[in-house]
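J.: give me a model of this one.
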Amino acid sequence: MSAFKFYESTVGRKFVTGLAGILLVGFLFVHLGGNLTMLVSGGLFNNYTHHLESLGVLLYIVEIVLLGIFVAHIVTALNVQLEKRRARPKGYAVNASKGAPSRQTLASRSMIVTGLVLLVFVPVHVWMFKFNQGQPSPTMMHNGKEIRDLYGIVVTAFKQPLIAWGYAAVMFLLGFHLRHGFWSAFQSMGALNRRLLPAAYALGLLVALLLASGFILLPLWIHYVTPAPGL
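T.: Purely as a prediction, here's the structure:
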(Lines give C-alpha, C1' and ligand atoms only; values in the text may rest on other atoms or scores of the structure.)
Protein backbone atom coordinates (compact mmCIF):
# COMPACT_ATOMS: atom_id res chain seq x y z
CA MET A 1 0.00 0.00 0.00
CA SER A 2 1.38 3.42 -0.96
CA ALA A 3 1.74 6.18 1.60
CA PHE A 4 -1.07 8.16 -0.08
CA LYS A 5 -3.47 5.21 -0.06
CA PHE A 6 -2.59 4.52 3.56
CA TYR A 7 -3.39 8.14 4.47
CA GLU A 8 -6.69 7.97 2.56
CA SER A 9 -7.81 5.06 4.74
CA THR A 10 -9.43 5.60 8.13
CA VAL A 11 -6.62 3.63 9.77
CA GLY A 12 -4.04 5.85 8.08
CA ARG A 13 -5.74 9.06 9.15
CA LYS A 14 -6.02 7.84 12.72
CA PHE A 15 -2.32 6.97 12.65
CA VAL A 16 -1.39 10.46 11.41
CA THR A 17 -3.67 12.09 14.01
CA GLY A 18 -2.09 10.06 16.80
CA LEU A 19 1.50 10.54 15.69
CA ALA A 20 1.04 14.29 15.19
CA GLY A 21 -0.60 14.54 18.61
CA ILE A 22 2.28 12.76 20.34
CA LEU A 23 4.81 15.03 18.62
CA LEU A 24 2.84 18.07 19.76
CA VAL A 25 2.85 16.77 23.34
CA GLY A 26 6.64 16.49 23.12
CA PHE A 27 6.80 20.11 21.98
CA LEU A 28 4.52 21.18 24.84
CA PHE A 29 6.89 19.68 27.41
CA VAL A 30 9.85 21.54 25.85
CA HIS A 31 7.80 24.75 25.65
CA LEU A 32 6.69 24.44 29.28
CA GLY A 33 10.24 23.79 30.43
CA GLY A 34 11.44 26.97 28.75
CA ASN A 35 8.52 28.99 30.10
CA LEU A 36 9.13 27.84 33.66
CA THR A 37 12.44 29.74 33.62
CA MET A 38 10.24 32.83 34.12
CA LEU A 39 9.71 31.67 37.69
CA VAL A 40 13.48 31.88 38.26
CA SER A 41 14.18 35.28 36.71
CA GLY A 42 13.24 37.49 33.81
CA GLY A 43 16.84 37.66 32.67
CA LEU A 44 17.11 33.88 32.47
CA PHE A 45 13.90 33.63 30.43
CA ASN A 46 14.92 36.45 28.08
CA ASN A 47 18.35 34.88 27.61
CA TYR A 48 16.68 31.54 26.81
CA THR A 49 14.37 33.11 24.21
CA HIS A 50 17.28 35.14 22.80
CA HIS A 51 19.23 31.92 22.20
CA LEU A 52 16.21 30.47 20.38
CA GLU A 53 15.82 33.57 18.21
CA SER A 54 19.56 33.56 17.43
CA LEU A 55 19.08 30.21 15.67
CA GLY A 56 17.82 32.24 12.71
CA VAL A 57 16.77 30.12 9.73
CA LEU A 58 16.87 26.94 11.78
CA LEU A 59 14.22 28.34 14.11
CA TYR A 60 11.99 29.21 11.14
CA ILE A 61 12.36 25.66 9.82
CA VAL A 62 11.38 24.22 13.21
CA GLU A 63 8.37 26.56 13.37
CA ILE A 64 7.25 25.54 9.88
CA VAL A 65 7.57 21.85 10.79
CA LEU A 66 5.57 22.46 13.99
CA LEU A 67 2.90 24.29 12.00
CA GLY A 68 2.72 21.37 9.57
CA ILE A 69 2.32 18.88 12.44
CA PHE A 70 -0.37 21.07 14.02
CA VAL A 71 -2.31 21.37 10.75
CA ALA A 72 -1.96 17.62 10.06
CA HIS A 73 -3.34 16.83 13.51
CA ILE A 74 -6.33 19.13 13.03
CA VAL A 75 -7.19 18.08 9.49
CA THR A 76 -6.92 14.34 10.06
CA ALA A 77 -8.78 14.52 13.40
CA LEU A 78 -11.68 16.39 11.79
CA ASN A 79 -11.74 13.93 8.87
CA VAL A 80 -11.88 10.96 11.23
CA GLN A 81 -14.72 12.55 13.23
CA LEU A 82 -16.70 13.33 10.08
CA GLU A 83 -16.26 9.74 8.89
CA LYS A 84 -17.51 8.47 12.25
CA ARG A 85 -20.60 10.65 12.04
CA ARG A 86 -21.38 9.50 8.50
CA ALA A 87 -20.96 5.87 9.53
CA ARG A 88 -23.41 6.11 12.45
CA PRO A 89 -26.98 4.89 11.92
CA LYS A 90 -29.55 7.68 11.84
CA GLY A 91 -30.59 8.67 15.34
CA TYR A 92 -27.59 6.95 16.90
CA ALA A 93 -26.49 8.45 20.22
CA VAL A 94 -24.30 7.46 23.15
CA ASN A 95 -25.30 8.94 26.48
CA ALA A 96 -23.79 6.52 28.97
CA SER A 97 -20.19 5.76 29.71
CA LYS A 98 -18.99 2.19 29.38
CA GLY A 99 -16.73 0.41 31.82
CA ALA A 100 -13.80 -0.56 29.56
CA PRO A 101 -10.64 1.59 29.24
CA SER A 102 -11.88 2.74 25.81
CA ARG A 103 -15.16 3.98 27.35
CA GLN A 104 -16.91 7.13 26.28
CA THR A 105 -16.09 9.81 28.86
CA LEU A 106 -16.75 13.52 29.10
CA ALA A 107 -13.15 14.08 27.96
CA SER A 108 -13.56 11.85 24.89
CA ARG A 109 -16.96 13.31 23.96
CA SER A 110 -15.61 16.87 24.18
CA MET A 111 -12.46 16.31 22.09
CA ILE A 112 -13.77 18.32 19.13
CA VAL A 113 -14.95 21.18 21.35
CA THR A 114 -11.69 21.43 23.31
CA GLY A 115 -9.74 21.00 20.08
CA LEU A 116 -11.58 23.91 18.44
CA VAL A 117 -10.95 26.11 21.48
CA LEU A 118 -7.22 25.32 21.24
CA LEU A 119 -7.33 25.99 17.49
CA VAL A 120 -8.54 29.53 18.20
CA PHE A 121 -6.17 29.97 21.14
CA VAL A 122 -2.90 29.09 19.37
CA PRO A 123 -2.87 31.93 16.79
CA VAL A 124 -4.03 34.41 19.46
CA HIS A 125 -1.21 33.23 21.74
CA VAL A 126 1.38 33.58 18.96
CA TRP A 127 0.05 37.01 17.98
CA MET A 128 0.22 38.25 21.56
CA PHE A 129 3.65 37.00 22.55
CA LYS A 130 5.72 36.20 19.47
CA PHE A 131 4.56 39.26 17.52
CA ASN A 132 3.60 41.49 20.50
CA GLN A 133 0.27 42.28 18.79
CA GLY A 134 2.06 43.92 15.90
CA GLN A 135 3.85 46.44 18.13
CA PRO A 136 7.65 46.93 18.40
CA SER A 137 9.01 44.69 21.13
CA PRO A 138 10.70 46.27 24.17
CA THR A 139 14.35 45.44 24.76
CA MET A 140 16.64 45.12 27.76
CA MET A 141 20.35 44.82 28.45
CA HIS A 142 21.53 41.38 29.55
CA ASN A 143 25.21 40.52 29.99
CA GLY A 144 26.14 43.56 27.94
CA LYS A 145 23.77 42.68 25.07
CA GLU A 146 20.52 44.31 24.01
CA ILE A 147 17.93 41.54 23.74
CA ARG A 148 14.15 41.35 23.32
CA ASP A 149 12.29 41.70 26.62
CA LEU A 150 9.73 38.95 26.08
CA TYR A 151 9.51 38.55 29.85
CA GLY A 152 8.20 42.10 30.14
CA ILE A 153 5.62 41.43 27.43
CA VAL A 154 4.38 38.29 29.21
CA VAL A 155 4.25 39.91 32.66
CA THR A 156 2.39 42.96 31.32
CA ALA A 157 -0.18 40.69 29.67
CA PHE A 158 -0.72 38.40 32.66
CA LYS A 159 -1.12 41.30 35.07
CA GLN A 160 -4.49 41.77 33.37
CA PRO A 161 -7.03 39.50 35.16
CA LEU A 162 -9.02 38.64 32.03
CA ILE A 163 -5.91 37.48 30.15
CA ALA A 164 -4.42 35.58 33.12
CA TRP A 165 -7.62 33.72 33.99
CA GLY A 166 -8.61 33.25 30.35
CA TYR A 167 -5.24 31.67 29.63
CA ALA A 168 -5.57 29.43 32.70
CA ALA A 169 -9.06 28.35 31.62
CA VAL A 170 -7.83 27.36 28.16
CA MET A 171 -4.95 25.43 29.73
CA PHE A 172 -7.50 23.54 31.83
CA LEU A 173 -9.23 22.57 28.58
CA LEU A 174 -5.83 21.54 27.19
CA GLY A 175 -5.51 19.12 30.10
CA PHE A 176 -8.99 17.82 29.37
CA HIS A 177 -8.04 17.33 25.72
CA LEU A 178 -4.85 15.48 26.66
CA ARG A 179 -6.63 13.34 29.27
CA HIS A 180 -8.22 11.33 26.48
CA GLY A 181 -6.09 12.33 23.51
CA PHE A 182 -2.66 11.19 24.70
CA TRP A 183 -3.42 7.56 25.50
CA SER A 184 -5.87 7.19 22.60
CA ALA A 185 -3.16 8.44 20.20
CA PHE A 186 -1.19 5.27 20.87
CA GLN A 187 -4.35 3.21 20.44
CA SER A 188 -5.00 4.92 17.09
CA MET A 189 -1.48 4.00 15.98
CA GLY A 190 -2.05 0.35 16.88
CA ALA A 191 0.61 0.47 19.59
CA LEU A 192 -1.60 -0.78 22.44
CA ASN A 193 -3.11 -4.08 23.41
CA ARG A 194 -5.49 -4.92 26.25
CA ARG A 195 -2.61 -5.53 28.66
CA LEU A 196 -1.06 -2.10 28.03
CA LEU A 197 -4.29 -0.08 28.09
CA PRO A 198 -4.40 0.54 31.87
CA ALA A 199 -0.81 1.81 31.88
CA ALA A 200 -1.47 4.01 28.84
CA TYR A 201 -4.62 5.37 30.46
CA ALA A 202 -2.70 6.24 33.65
CA LEU A 203 0.11 7.83 31.62
CA GLY A 204 -2.44 9.96 29.78
CA LEU A 205 -3.75 11.25 33.10
CA LEU A 206 -0.20 12.02 34.30
CA VAL A 207 0.70 13.87 31.09
CA ALA A 208 -2.53 15.89 31.25
CA LEU A 209 -1.95 16.83 34.89
CA LEU A 210 1.70 17.81 34.40
CA LEU A 211 1.13 19.99 31.34
CA ALA A 212 -2.14 21.58 32.44
CA SER A 213 -0.92 22.36 35.97
CA GLY A 214 2.37 23.77 34.67
CA PHE A 215 0.72 26.02 32.10
CA ILE A 216 -1.98 27.10 34.60
CA LEU A 217 0.63 27.93 37.23
CA LEU A 218 2.47 30.41 35.00
CA PRO A 219 -0.22 33.06 34.36
CA LEU A 220 -1.63 32.87 37.90
CA TRP A 221 1.81 33.05 39.52
CA ILE A 222 2.74 36.05 37.38
CA HIS A 223 -0.62 37.73 38.04
CA TYR A 224 -0.56 37.32 41.81
CA VAL A 225 3.11 36.98 42.79
CA THR A 226 5.46 38.48 40.19
CA PRO A 227 6.07 42.23 40.61
CA ALA A 228 4.66 44.42 37.85
CA PRO A 229 7.21 45.76 35.31
CA GLY A 230 9.12 48.72 36.67
CA LEU A 231 8.60 47.82 40.33
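J.: name the nearest residue to G43, ignoring sequence neighbours.
T.: For G43, ignoring the flanking residues on the chain, the nearest one in space by Cβ to Cβ, 6 or more residues apart in numbering is H142 at 5.3 Å. For glycine as for every other residue, the C-beta is placed from the backbone atoms N, C-alpha and C.
J.: beta partners for the one you found?
T.: In this entry, H142 is beta-bridged to K145, by DSSP bridges.
J.: need the contact list for it.
T.: 43, 46-47, 50 (Cβ atoms under 8 Å, 6 or more residues apart in numbering).
J.: who wins for most neighbours among these?
T.: When neighbours are taken as other Cβ atoms under 10 Å, the top entry among the contacts of H142 is N46 (21 neighbours).
J.: so what's the gap between the helix or strand where that one lies and the chain middle?
T.: Under the criterion of DSSP states H and E, N46 resides in helix 42-53. Relative to its chain's centre, helix 42-53 lies at 21 Å (Cα atoms, centre = their mean, to the nearest Å).
J.: contact partners of it?
T.: 34-35, 37-38, 59, 140, 142-143, 145, 147-152, 155.
J.: okay, and which of those map to helices?
T.: 34-35, 59, 150-152, 155 (DSSP state H).
J.: OK, contacts around the residue nearest in space to the middle of the chain?
T.: By Cα atoms, centre = their mean, the chain has its centre lying nearest to L28, at 5.6 Å. Listed by Cβ under 8 Å, 6+ apart, the contact set of L28 reads L211.
J.: closest to K84 out of the contacts of helix 42-53?
T.: N35 (35.1 Å; Cβ to Cβ).
J.: tally of neighbours for the closest one?
T.: Neighbours of N35 under the rule other Cβ under 10 Å: 17.
J.: swap in F186?
T.: Neighbour tally, F186, other Cβ under 10 Å: 19.
J.: repeat for A77
T.: A77, neighbours per other Cβ under 10 Å, totals 22.
J.: Q160 too?
T.: 12.
J.: show the pLDDT at it.
T.: Here, the pLDDT recorded for Q160 equals 97.
J.: ok, now which ones touch it?
T.: Neighbouring residues of Q160 by Cβ under 8 Å, 6+ apart: there are none.
J.: measure I222 to L78 for me?
T.: Going from I222 to L78 by Cβ to Cβ, to the nearest Å gives 34 Å.
J.: between these two, which has more neighbouring residues?
T.: Each of I222 and L78 has its neighbours counted (other Cβ under 10 Å); I222 has more, 22 against 16.
J.: which parts of the chain are helices?
T.: Assigned by DSSP H, the chain shows helices spanning 3-8, 10-35, 42-53, 57-87, 106-109, 111-129, 150-158, 161-188, 197-224.
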